[in-house]
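Colleague: The sequence and its predicted three-dimensional model are supplied below.
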Amino acid sequence: MDTLRGIVERITYYNEENGYTVARLALESGGDRITVVGNLLGLNIGEAIEVTGRWRNHPKFGRQFQAERFSVTMPNTLVGLEKYLGSGLIKGIGPKMAHRIVAKFGLQTIDVIETRPKKLLAVLGIGPKRVAMVKAAWNAHRQIKEVMIFLQARGVSAGLAVKIFKAYGNDAVQVVQSDPYRLAREVYGIGFITADKIAQGMGIPVDAPERVAAALAYVLGQQANQGHTYLPSSALLREAAQLLALPEEKIHPALDLLTEQGEIRRQPLPGAETAPANQVAEEEAVYLTPFYYGEIGVTNRLQRLLQVAREQAAHSPFRTFQDEDWSASFTTWETKTGLHLSREQRLAVYTPLQEPITVLTGGPGTGKTTTLRALIHFLEAKNLRYALATPTGRAAKRVGEATGRPASTLHRLLAFSPQDGTFKHNEENPLPVDMLVVDEISMLDLLMANHLLKAVPPGAHLLLVGDADQLPSVGAGNVLQDIIASETVSVIRLQKIFRQAEGSYIISNAHRINQGQMPVVDAQLSHDFFFFNVPEPEAAAAMVVDLVKTRIPARFDLPPSEIQVLSPMHRGFAGVVALNTALQAALNPPAPGKPEWASGGRIYRLGDRVMQIRNNYDKNIYNGDWGEIVALDRINQRLQVRIDNRIVPYDMLDLDELVHAYAISIHKAQGSEYPAVVIPLLTSHYLMLRRKLLYTAVSRARQLVVIVGSWRALQIAIHNAQSGQRYSGLVQRLRESILYRSSTSAKS
């Protein structure tokens, strides 16, 4: 194998899932530029690297260097030094300043910065403040490098080493040496496989109890990310055995270890008491502890709301509605507003004022918003206190605009404190409301539902509003569906499509899709719903870009900023990653004077549309929030994003939390509405082609839906009614607890 040294000039391709990278390397040995390919996870433009591998001839792309491994190094040529310092890796030094510094100190540049930084004052444009900034940045960079050297010796890339340093600072090496599996639990973007790679490099035995326990916790965490609150023990042991390459009998003892440590909770599978006698008696439901207590908490708090309502009915603030002449009151409101309520809607207004817990569900165009406006009118008429909330900021803004009343996110409503990770409003300090209305409830996961219910005061009424036919929450649990399926609370379903929505093919086709029927896509009739039969992925991706950039703006007078691409998958030519690259190039290309920053295979550019992909409580931003890059400072390594009319600062080390949002997954679009959506739908998306997914995507649009793909893929999606069953014990807990309490109360 050969070893080469050079400066990374460009990253041509990067696969987020496996780290496969195609990069251009300027060799330090001369002016040659070569193409390097391989698993180069964490590679950044401007870095000086040493890469080991073999030359090969690609039949299409020619001579390439196939990398086996790489490490970040210090450049040893003047050109390399200048590129290295000017790449933006060191705060306080940009390309022009790098040229001046290297011209002044030559190959002694690194030594000057490291040991004699005051000499930098001799360079034009550098003052004491800049020297202090460069010195601090260099020290931090050197500390990161020490961590990198330690980790790269164990096969970990530079990019992941930076993440580890970001999490633990100067203690990073000590933490990794004492318990490498902490990385899988605590560092975003590092899972068990990477932590295990480090551990194996340190000589930890393959059957070590801590390794097996970490693998079990990892599998449960991965399944929680897929929506499951528990996993049957047989499935857990099977998956862990495959991950560890160990027999199941070597793994089972670690379940006891995790149970003793309080990491997991085990109990009989839901329904096990009625299971056939020939089933395995030892089969258990294995929970990560937070989800176990989450199910218990949601169950107990819903039960408490129902129980207190019965016990304190004579003192309820809602008793004022007992003598209400509902027919006259509805007629008066309809006359005043010019709106008309159907019988279903009247029931949906009346029931939450009489019942302590109500679920209101219905598809697009069925009048949920009009129902809420009428409900708010009656609450205000009786001076009852209420709050409107949703899981996300975009949904809160939409609900506020639709009702004319302020709505907030659940985190803001419950007053989340990033300092200690708790909510101000809880059981000891409940919300000062008589009724809490939560919209877009299909997005609510189990843990957030538990926090929410803690803050609902006993005696208050709770109205949960959402579309039960949409995708379930991104987080673990299936709260809306489970509450409905338990049959323990009042459920109102709105089904009538109102006249103002009847002319919309978006609305009618959304309902047709939900009923398993093909949509109407007659271009001669429809003014807001179109289908383009482009079955080849590359051609479909090209048409998506053309539609967003040119065709939709020209015909419908909608700017690209109001058009959202929603893809079923992340991978492939028509997946989220590739479409974002193509759309960024079309809508926000590089330009002289426009700053940009390369990180993790992405190029972040001034004006980019970006989305937060994890909760960041310190910044008060959450998974799914999106905005626009409005400032980018390469020298100081900072950028700013406008999210919901506020400016959020990011350090360049935080960029693993931001992805481009020209195209997003359909799951990420939950709770949002857009003037127009473009949906690539191809047979290559086969694994994700489901009715709920397509229904959710179509119902995100207000004015225009365009589907690009194959008729066959459309048929597959509509005919696949499977919703991806989630393991959850909430239905049974609700039935057992609430129905048991009801029967006990009846007997007493």
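Modeller: Now that the structure is in, tell me what you want to look at. Residues are numbered from 1 along each chain as shown.

Colleague: Tell me both backbone torsions, phi and psi, for Val630.
Modeller: Main-chain dihedrals, Val630, degrees, to the nearest 10: phi -110, psi -10.

Colleague: quick one: contacts for the closest residue to it other than its chain neighbours?
Modeller: Spatially, and ignoring its direct neighbours in sequence, Val630 is nearest to Arg642 (4.9 Å; CB to CB, 6 or more residues apart in numbering). For the C-beta atoms, the positions are set from N, CA and C on the backbone; glycine is no exception. Contact analysis of Arg642 by CB atoms under 8 Å, 6 or more residues apart in numbering lists Gly627, Glu628, Val630, Val648.

Colleague: where do the helices sit along the stretch 351-500 of the chain?
Modeller: Taking DSSP state H, counting those that start in this stretch as the criterion, the stretch 351-500 of the chain carries its helices at 368-381, 393-403, 410-413, 446-454, 479-486, 499-502.

Colleague: Low-confidence stretches in the stretch 351-500 of the chain?
Modeller: Scanning the stretch 351-500 of the chain with the threshold set as pLDDT under 70 gives 499-500.

Colleague: one more time with 50
Modeller: Scanning the stretch 351-500 of the chain for pLDDT under 50 picks out 499.

Colleague: what about this structure, any weak spots by pLDDT?
Modeller: 273-280, 499, 742-748.

Colleague: How many residues are close by Phe61?
Modeller: 11 (other CB atoms under 10 Å).

Colleague: Between the helices of the stretch 351-500 of the chain, which one is closest to Ile296.
Modeller: Set against Ile296 and scored by CB to CB, these come closest in helix 446-454, at 8.7 Å.

Colleague: Could you report the separation of the residue nearest to Val630 from Tyr617?
Modeller: 20 Å (CB to CB, to the nearest Å).

Colleague: Run through the bridge partners of the residue nearest to Val630.
Modeller: Glu628, Ile647 (DSSP bridges).

Colleague: Now Ile679. Its backbone dihedrals?
Modeller: Here the main-chain torsion angles of Ile679 (degrees, to the nearest 10) amount to phi -120, psi 110.

Colleague: so it makes contact with Ser567?
Modeller: Yes - counting by CB atoms under 8 Å, Ile679 does reach Ser567; the two are 7.4 Å apart.

Colleague: Overlap of the contact sets of these two?
Modeller: Ile666.

Colleague: how many other residues sit next to Leu587?
Modeller: Leu587 has 18 nearby residues by other CB under 10 Å.

Colleague: Checking Asp546 next. Helix, strand or coil?
Modeller: helix (DSSP: H, G, I helix; E, B strand; the rest coil).

Colleague: ok, it - how many residues close by?
Modeller: 13.

Colleague: Roughly how far does it sit from Thr21?
Modeller: 28 Å.

Colleague: Figure out how far the longest helix along the chain is from the centre of its chain.
Modeller: Longest helix in the chain, counting residues (DSSP state H): helix 128-152. What separates the centre of helix 128-152 from the centre of its chain is 31 Å, taken as CA atoms, centre = their mean, to the nearest Å.

Colleague: Okay, buried residues for it please.
Modeller: Buried residues in helix 128-152, counted by 16 or more other CB atoms under 10 Å: 130-131, 133-135, 137-138, 140, 144-145, 147-148, 150-152.

Colleague: What helices and strands are in contact with it?
Modeller: strand 62-72, helix 109-115, helix 158-168, helix 172-178 (3 or more CB pairs under 8 Å, 6 or more residues apart in numbering; DSSP states H and E).

Colleague: Of the ones you listed, flag the one that's most buried.
Modeller: helix 158-168 (a mean of 21; mean count of other CB atoms under 10 Å).

Colleague: which other helices and strands contact that helix?
Modeller: strand 62-72, helix 128-152, helix 172-178, helix 182-186.

Colleague: would you list the ones you listed in CSV and tack on distance to Gly575?
Modeller: Output for those, formatted as CSV (distance: least, CB to CB, whole Å):
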stretch, distance to Gly575
strand 62-72, 24
helix 128-152, 30
helix 172-178, 34
helix 182-186, 26
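
Colleague: Let me know which of the ones you listed is the nearest to Met202.
Modeller: helix 172-178 (7.1 Å).

Colleague: Any chance you could list what contacts that closest one?
Modeller: Under CB under 8 Å, 6+ apart, the answer for helix 172-178 is Glu146, Val147, Phe150, Leu151, Ile164, Phe165, Tyr168, Arg182, Leu183, Ile198, Met202.

Colleague: May I have it exported as CSV, CA atoms only?
Modeller: The C-alpha trace of helix 172-178 is given here as CSV (Å, rounded to 0.1, in the frame of the first residue of the first chain):
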residue,chain,number,x,y,z
ALA,A,172,-12.0,13.0,26.7
VAL,A,173,-9.1,10.6,26.8
GLN,A,174,-9.7,9.7,30.4
VAL,A,175,-13.4,9.1,29.8
VAL,A,176,-12.8,6.9,26.8
GLN,A,177,-10.1,4.9,28.7
SER,A,178,-12.3,4.3,31.7
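
Colleague: Turn the contacts of helix 172-178 into JSON lines, including distance to Leu583.
Modeller: Formatted as JSON lines, those follow (distance: CB to CB, whole Å):
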{"residue": "Glu146", "distance to Leu583": "39"}
{"residue": "Val147", "distance to Leu583": "35"}
{"residue": "Phe150", "distance to Leu583": "39"}
{"residue": "Leu151", "distance to Leu583": "35"}
{"residue": "Ile164", "distance to Leu583": "32"}
{"residue": "Phe165", "distance to Leu583": "33"}
{"residue": "Tyr168", "distance to Leu583": "36"}
{"residue": "Arg182", "distance to Leu583": "38"}
{"residue": "Leu183", "distance to Leu583": "34"}
{"residue": "Ile198", "distance to Leu583": "37"}
{"residue": "Met202", "distance to Leu583": "43"}
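
Colleague: Show me which pair in these is furthest apart.
Modeller: Glu146 and Arg182 (18.8 Å).

Colleague: How far off centre is stretch 585-595?
Modeller: 27 Å.

Colleague: oh, I was asking about stretch 311-324
Modeller: 42 Å.

Colleague: And for stretch 563-574?
Modeller: The answer for stretch 563-574 is 15 Å, by CA atoms, centre = their mean.

Colleague: CA atoms of that stretch as CSV?
Modeller: The C-alpha trace of stretch 563-574 is given here as CSV (Å, rounded to 0.1, in the frame of the first residue of the first chain):
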residue,chain,number,x,y,z
ILE,A,563,-42.1,25.0,-1.9
GLN,A,564,-41.1,22.1,0.2
VAL,A,565,-39.8,18.8,-1.2
LEU,A,566,-40.9,15.8,0.9
SER,A,567,-39.1,12.5,0.2
PRO,A,568,-40.0,9.1,1.7
MET,A,569,-36.3,8.1,2.2
HIS,A,570,-32.9,9.6,2.8
ARG,A,571,-31.0,7.4,0.4
GLY,A,572,-30.9,7.3,-3.4
PHE,A,573,-31.0,9.8,-6.3
ALA,A,574,-34.4,11.0,-5.2
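
Colleague: quick one: the residue nearest to Val630 from Asp633, how far?
Modeller: Distance from Arg642 to Asp633, by CB to CB: 15 Å.

Colleague: can you check Asp420 too?
Modeller: 31 Å.

Colleague: out of Ile679 and Ser567, which sits in the busier spot?
Modeller: Between Ile679 and Ser567, Ser567 has the larger neighbour count (other CB under 10 Å), namely 30 against 25.

Colleague: contacting residues for that one?
Modeller: Ala574, Gly575, Val576, Leu579, Ala663, Ile664, Ser665, Ile666, Ile679, Pro680, His685.

Colleague: This completes my enquiry, with thanks.
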